[in-house]
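model the following, please.
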Amino acid sequence: SKKWWSEAATKQIAMLDKLVSSTEGVAFTKGGTTTGELYLFAMLHQMKLVKGDILDDAKALLAWYDATKANASVAKVLSGESAIGELKQYFMEH
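Residues are numbered from 1 along each chain as shown. As a prediction, the model looks like this:
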C-alpha cells in the first residue's frame, strides 16, 4: 500500500542509511559482500524495481546499493549470465 511505502519502508531505509553512514567506507562491513549484505541488497533491489526512487533520500545507502550492484559477481547474476540464468521481476506495484 502507499502508506507502507511512505511510512514503514521509508523509516526502515532511514535507519539503514544511518547505520551504513556510521561505518568506514561504503559498505556495512570491510568486505562488503557478507551473506547479510547480499541478502539486504536483494531485498532493496526488489524494492527499487517496484519504486525506483525508494533510496533517493538515503544517500549513503544508495551509494552502498550502487557499489554492490556494480560488484562483478552481483552484476553477473543481475545480467542473467550466472548459472541461475535470467531472473525476471517478481514483485509489481499494485
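
the longest helix that the chain contains: what's the following helix or strand?
The helix of greatest length in the chain, counted in residues with DSSP state H as the criterion, is given as helix 35-50. Using DSSP states H and E, the next helix or strand after helix 35-50 towards the C-terminus is helix 59-70.

packing partners for the helix or strand that that next one is followed by?
Following the chain from helix 59-70 toward its C-terminal end, the next helix or strand by DSSP H and E is helix 72-78. Helices and strands touching helix 72-78, as assessed by 3 or more Cβ pairs under 8 Å, 6 or more residues apart in numbering; DSSP states H and E, comprise helix 35-50, helix 59-70. Placement of C-beta: from N, CA and C, glycine included.

so how far is the last one off the chain centroid?
In terms of Cα atoms, centre = their mean, to the nearest Å, the gap separating the centre of helix 59-70 from the centre of its chain is 7 Å.
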